[in-house]
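Novice: could you work out the structure for the sequence below:
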Amino acid sequence: MQDFIRSLRANVGAFPLRLTRPFRPRPYEPSAPKGDRYGNEWDVSELSGYPLNFQRRRPRREWRIARPPPKSPAVSEKPDSPDRFNEEKATYSLRGAGAPDLEAGIAAIRAVVKTLPVRPGVYRMLDARGDVLYVGKARALKNRVNAYTQVARQTKRLLRMVSQTRSMQIVTTHNEAEALLLEAQLIKRYRPPYNVLLRDDKSFPFILLREDHDYPRVQLHRGARRHKGQYYGPFASAGSVRNTLNSLQKLFLLRSCTDSFFANRTRPCLLYQIRRCSAPCVGRIDEAGYDELVRDAKDFLGGRSTKIQQKLQALMTEASEAMNFELAAVYRDRLRALTYVQGSQAIHAEKLGDADLFALACKGGTMCIQAFFIRGGQNWGHRSFFPAHTADVPEAEVLQSFLVQFYEEVPPPRLILTDRPLPEADLICEAFTARAERKVQVKTPQRGEQARMIRQAARNAEEELDRRLAETSTQARNLREIAETFELAEPPQRIEVYDNSHVMGTSAVGAMIVAGPEGFRKNQYRKFNIKRPETAPGDDFAMMREVLGRRFARLEKEDPDRSKGEWPDLLLIDGGKGQLSAVCEVLEDAGVHDVPVVAVSKGPDRNAGREIFHLPGGREISFPMNAPLLFYLQRLRDEAHRFAIGAHRAKRAKSFAASPLDEVPGIGPGRKRALLMHFGTARAVRNAALEDIEKVPGISRTTARGIYDYFHPGG
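Specialist: Residues are numbered from 1 along each chain as shown. A predicted model of the protein is given here:
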């Protein structure tokens, strides 16, 4: 077999052959022959040239060289999809112009080199389908792109990329710093398979101190910065933000309520009673006093906590000398809260100001980057990142590419500390300085307090990487056991778990979660609002039938050739034989016969650990209560439970706040508020006469007639 592979590679060229299974096997049937796992023989046809097609005689696994999927609009419309084509899964046909061909790739690059100027810019390498393979920047485009034609100096990874290249796109810039920033934007947009990728599906949370109100509100914020105010961050997690918000409420008594809640208060809320708010909504503090609290909060978030500590000590002493012991106790409690915040930092960086620390650890081909965020001398948390597509890429280059992509969405601080020198540190400083409009430094400390903090970040990176590798090995073992237990041809790469949630048929939703070798893929979770009229309220079987029907109808429409990796290798259904039968009917109607299905139901007493797994054909499997595989399957089911119940609660809470006025054409939030303020309730609006509706401020005669006709269609 090895001789055959070597001869095949000699015929194909420098491109390493990849074998893939384009279609998944049918679910296991007891009557099907199992065969020996290692005793398979091969049928080989047309060894001398293209096309090549070979497969095993045994039916358990069928392998063939993949054909190229047809051009689909969805591929180009979703360039940032996390499941988009990537280097590890890339397979191409050995036919046609799209075949990996090193000579064709070099010829395409040389044709572009002839027209390139010797100036800075960004280049994109495209394959035969127009997908972006790689985004790079250069100080001199002509020299950099021409280097790809020197085959002897390229790594295997770059040779694969060149063999797939059929065209290029060039953008020139004024300087190399602009090219660096543009490169980061294009990498995040297209997610090319040969670029190092920052693999993180969450935006960073910030603290927002809004300034569009007389009494500014402090709140957690994610996403675009559309609101007027001061943004403080980034924080490593929402938990870090909530802890800081909790401290701000204890120390400075700032309000956290919405503007509508603030405007409708007639007496202080509970936060005032527990000394977490100064109750500006009912006049317990004037605007000048609240502004002073806001200034103190800004000093605290800006790292000037010592100044605030001295101020609180002076106020406490003054109140005590004036025999106002209750006020002195309030200042004492605020001073204790500040002291607690100052003493609870994992990394003490009072003299560091605003800085980010980055350390990289590498083991077993996996890289982990640990980031610490220091703002105003306070540690605002840390987060671990695991970049993708790092094979054959130097560690310093991985860290540099990560930093450029990381600060594409996050404003850089004044100081960035790394555990190793970067290849283009001066260029990164220039680009970040231009973007932040202030000086930004990138340093690799060798001694002193900064070096100590970097060493601590490096230890955290190594420990996090060890945990990740341990989890990955456990995950791989679980997937292998799933394949053996449920008679799959190979360990599943995509498991979809389905569940429904409702209360007596109301606010019904279906939920789908996705798991794979890397764990839960939360950016691919989906929820389904049950909306078909033929689905009876409370009918779990019909709900499952609707959810799976909509799911596979969309798959057949968007990915009929199964080229995007969105088809499941295993369906896990929360339910018993009824749900399993409903799902099997949907798959039969859709003509899908090669997706295995397993339903999981609770045991006789509905106790965890006594689950029964139902397979098509009536087979049932149970596990010992301490089986690791059972624990893993329970995790999958419980995650589907959590997601489904959360979606149901959100829908139910929204229905509680719904009003009949929301359905009236031409009635927005302003007119709805005016109607409710005038009549008191939506029922009163429904029963009101036309003349009464016309008296509402802001409601014209035409709008009043529309409201009246909506509630009185008969006139």
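
Novice: quick one, phi/psi of L220?
Specialist: The phi/psi pair for L220 (degrees, to the nearest 10) reads phi -80, psi 140.

Novice: show me what contacts it?
Specialist: 205-208, 238, 241-242, 245 (Cβ atoms under 8 Å, 6 or more residues apart in numbering). In this view, the C-beta of every residue, glycine as well, is placed from N, C-alpha and C.

Novice: tell me the SS of R226?
Specialist: Under DSSP: H, G, I helix; E, B strand; the rest coil, R226 falls in the coil class.

Novice: confirm that E496 lies within a helix, as I assumed.
Specialist: No - according to three-state DSSP, E496 belongs to no helix; its state is strand.

Novice: hang on, the earlier thing: from the contacts of L220, list the buried ones, please.
Specialist: Listed as buried from the contacts of L220 are 205-208, 241, 245; burial here means 16 or more other Cβ atoms under 10 Å.

Novice: if we can go back for a sec, ok, of the contacts of L220, which one's closest to M544?
Specialist: A238 (32.8 Å; Cβ to Cβ).

Novice: where in this structure is pLDDT low?
Specialist: The chain contains residues with pLDDT under 70 at 1-98, 199-203, 303, 305-306, 337-351, 604-609, 657, 714-715.

Novice: how is it carved up into domains?
Specialist: 81-190, 206-303, 355-388+411-468, 495-655, 660-711 (automatic domain parsing).

Novice: okay if I get those domains as CSV plus distance to E484?
Specialist: Formatted as CSV, the domains of the chain follow (distance: least, Cβ to Cβ, whole Å):
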stretch, distance to E484
domain 81-190, 24
domain 206-303, 37
domain 355-388+411-468, 25
domain 495-655, 9
domain 660-711, 53
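
Novice: the ones you listed: which one's closest to R332?
Specialist: domain 206-303 (11.6 Å).

Novice: could you list every helix and strand in contact with the longest helix belonging to the chain?
Specialist: The single longest helix within the chain, with elements called by DSSP state H, is helix 448-485. Counting contacts by 3 or more Cβ pairs under 8 Å, 6 or more residues apart in numbering; DSSP states H and E, helix 448-485 packs against strand 355-363, strand 366-375, strand 378-385, strand 415-418, helix 628-656.

Novice: can you point out the buried residues in that helix?
Specialist: Per 16+ other Cβ under 10 Å, helix 448-485 contains these buried residues: 450, 453-454, 456-458, 460-462, 464-465, 468, 475, 478-479, 481-483, 485.

Novice: try stretch 652-669
Specialist: 661, 664, 667.

Novice: and what of stretch 521-529?
Specialist: 521, 524-528.

Novice: I'd like the residues you listed as JSON lines, with secondary structure appended.
Specialist: Output for the buried residues of stretch 521-529, formatted as JSON lines (three-state DSSP):
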{"residue": "R521", "secondary structure": "coil"}
{"residue": "Q524", "secondary structure": "helix"}
{"residue": "Y525", "secondary structure": "coil"}
{"residue": "R526", "secondary structure": "strand"}
{"residue": "K527", "secondary structure": "strand"}
{"residue": "F528", "secondary structure": "strand"}
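
Novice: in JSON lines: the residues you listed, plus distance to P492.
Specialist: Formatted as JSON lines, the buried residues of stretch 521-529 follow (distance: Cβ to Cβ, whole Å):
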{"residue": "R521", "distance to P492": "13"}
{"residue": "Q524", "distance to P492": "15"}
{"residue": "Y525", "distance to P492": "17"}
{"residue": "R526", "distance to P492": "18"}
{"residue": "K527", "distance to P492": "22"}
{"residue": "F528", "distance to P492": "22"}
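
Novice: just say helix, strand or coil for V595.
Specialist: Secondary structure state of V595, per three-state DSSP, is coil.

Novice: that one and L572 touch, don't they?
Specialist: No - look at V595 against L572 with Cβ atoms under 8 Å: they stay out of range, at 11.4 Å.

Novice: between those two, who's got more neighbours?
Specialist: Each of V595 and L572 has its neighbours counted (other Cβ atoms under 10 Å); L572 has more, 25 against 20.

Novice: show me the contacts for the more buried one.
Specialist: Going by Cβ under 8 Å, 6+ apart, L572 touches 495-498, 598-600, 633, 636-637, 640.

Novice: state the distance from the nearest residue to G381 once chain neighbours are set aside to H221.
Specialist: Among residues not flanking G381 along the chain, A236 sits closest, at 2.8 Å (Cβ to Cβ, 6 or more residues apart in numbering). A236 sits 15 Å away from H221, taking Cβ to Cβ, to the nearest Å as the criterion.
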